[in-house]
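Asks: Pasted the sequence and its predicted model underneath.
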Amino acid sequence: DAMVIQNPRYQVTQFGKPVTLSCSQTLNHNVMYWYQQKSSQAPKLLFHYYDKDFNNEADTPDNFQSRRPNTSFCFLDIRSPGLGDAAMYLCATSRDGTRQETQYFGPGTRLLVL
Amino acid sequence: RKEVEQDPGPFNVPEGATVAFNCTYSNSASQSFFWYRQDCRKEPKLLMSVYSSGNEDGRFTAQLNRASQYISLLIRDSKLSDSATYLCVVNPAGGTSYGKLTFGQGTILTVHP
């Protein structure tokens, strides 16, 4: 029973070539999050949606954009990937984003930039 | 100072050992606390929430000390399958934070036969 699905699991792109990562959820949760996790580092929140309300973290580079066309899907667009953007990108959901709620993570997309 | 700090380890312990991880957080108004587990190249998964009174789930015990801004995780009778990275996670204070989580860098545990 897949709950948070991320495609593809591995993505290779070229320096400067736009890339889109996708996330879908079958939980009907209101909140969806995108995290970036580099090797041996903690996941870092990039942005999140509460329903259609987009919330960008202050230190998220402009190179990163997101779209949420409906409740189930959320996309991460990297307009001009640099070598430093190679990382695992994790999508997560929570029902309403209240403080005690569990966040459910997808398996992640590992991005390699050549 | 990092918002959430953990000893990165690694901790190498034999099966059956008891091991404890510590975590400190900087925002005294933080409201919610969690331990997540992350296996190599996998996503984080919730291990347990941490409540003020402390809580236990089988071999795992979590403690919170708000005065010292300190969280701990104790694992008793370690199993090989406990080998993973343990992430201390804090939800900052109130308002419309929509469940924003701040992760520590994780503590690596390796349990050997």
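Replies: Done, it's in.

Asks: When you work out contacts or count neighbours from here on, use the C-alpha atoms and nothing else.
Replies: Will do.

Asks: how about A:W34, what does it touch?
Replies: A:45-48, A:76, A:89-92 (Cα atoms under 8 Å, 6 or more residues apart in numbering or on different chains).

Asks: Stretch B:70-80 vs chain A: in contact?
Replies: No. Using Cα under 8 Å from any Cα of the partner chain, stretch B:70-80 stays clear of chain A, with a minimum separation of 15.9 Å.

Asks: now for that stretch, what's the gap between its first and last residues?
Replies: End-to-end distance for stretch B:70-80: 27 Å, by Cα to Cα, to the nearest Å.

Asks: Also stretch A:34-53?
Replies: 14 Å.

Asks: Then stretch B:65-77?
Replies: 24 Å.

Asks: now stretch A:80-87
Replies: End-to-end distance of stretch A:80-87 (Cα to Cα): 15 Å.

Asks: Give me the phi and psi for B:L80.
Replies: phi -60, psi -40 (degrees, to the nearest 10).

Asks: List the residues that contact it.
Replies: Applying Cα under 8 Å, 6+ apart to B:L80 gives the contacts B:15, B:110-113.

Asks: Partner strands of the least confident helix or strand in chain A by mean pLDDT, with direction?
Replies: When each helix and strand of chain A is scored by mean pLDDT, DSSP states H and E, strand A:53-56 comes last, with a mean of 88. Partners of strand A:53-56 in the sheet, by DSSP bridges, are strand A:44-50 (antiparallel).

Asks: residue ranges for the strands of chain B, please.
Replies: For chain B, applying DSSP state E gives strands covering B:4-6, B:11-14, B:19-25, B:32-38, B:44-50, B:55-57, B:60-65, B:70-75, B:84-91, B:102-103, B:107-112.

Asks: follow-up on the earlier one: just the buried residues from the contacts of B:L80, in PyMOL please.
Replies: To isolate the buried ones among the contacts of B:L80 in PyMOL, judged by 16 or more other Cα atoms under 10 Å in any protein chain shown, type:
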select buried, chain B and resi 15+110+111+112
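
Asks: Just put the contacts of B:L80 in a markdown table and tack on distance to A:T98 and pLDDT.
Replies: Listed next are the contacts of B:L80 as a markdown table, based on distance: Cα to Cα, whole Å; pLDDT from 0 to 100:
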| residue | distance to A:T98 | pLDDT |
| --- | --- | --- |
| B:E15 | 37 | 98 |
| B:T110 | 33 | 96 |
| B:V111 | 35 | 97 |
| B:H112 | 38 | 96 |
| B:P113 | 41 | 95 |
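
Asks: Among the contacts of B:L80, which one sits closest to chain A?
Replies: B:T110 (15.1 Å; Cα to the nearest Cα).

Asks: Can you lay out the contacts of B:L80 as TSV showing distance to B:D39?
Replies: Listed next are the contacts of B:L80 as TSV, based on distance: Cα to Cα, whole Å:
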residue	distance to B:D39
B:E15	18
B:T110	11
B:V111	13
B:H112	16
B:P113	18
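
Asks: List just the nearest of the contacts of B:L80 to B:R66.
Replies: The closest of the contacts of B:L80 to B:R66 turns out to be B:T110 (Cα to Cα; 28.9 Å).

Asks: No further queries at this time; thank you.
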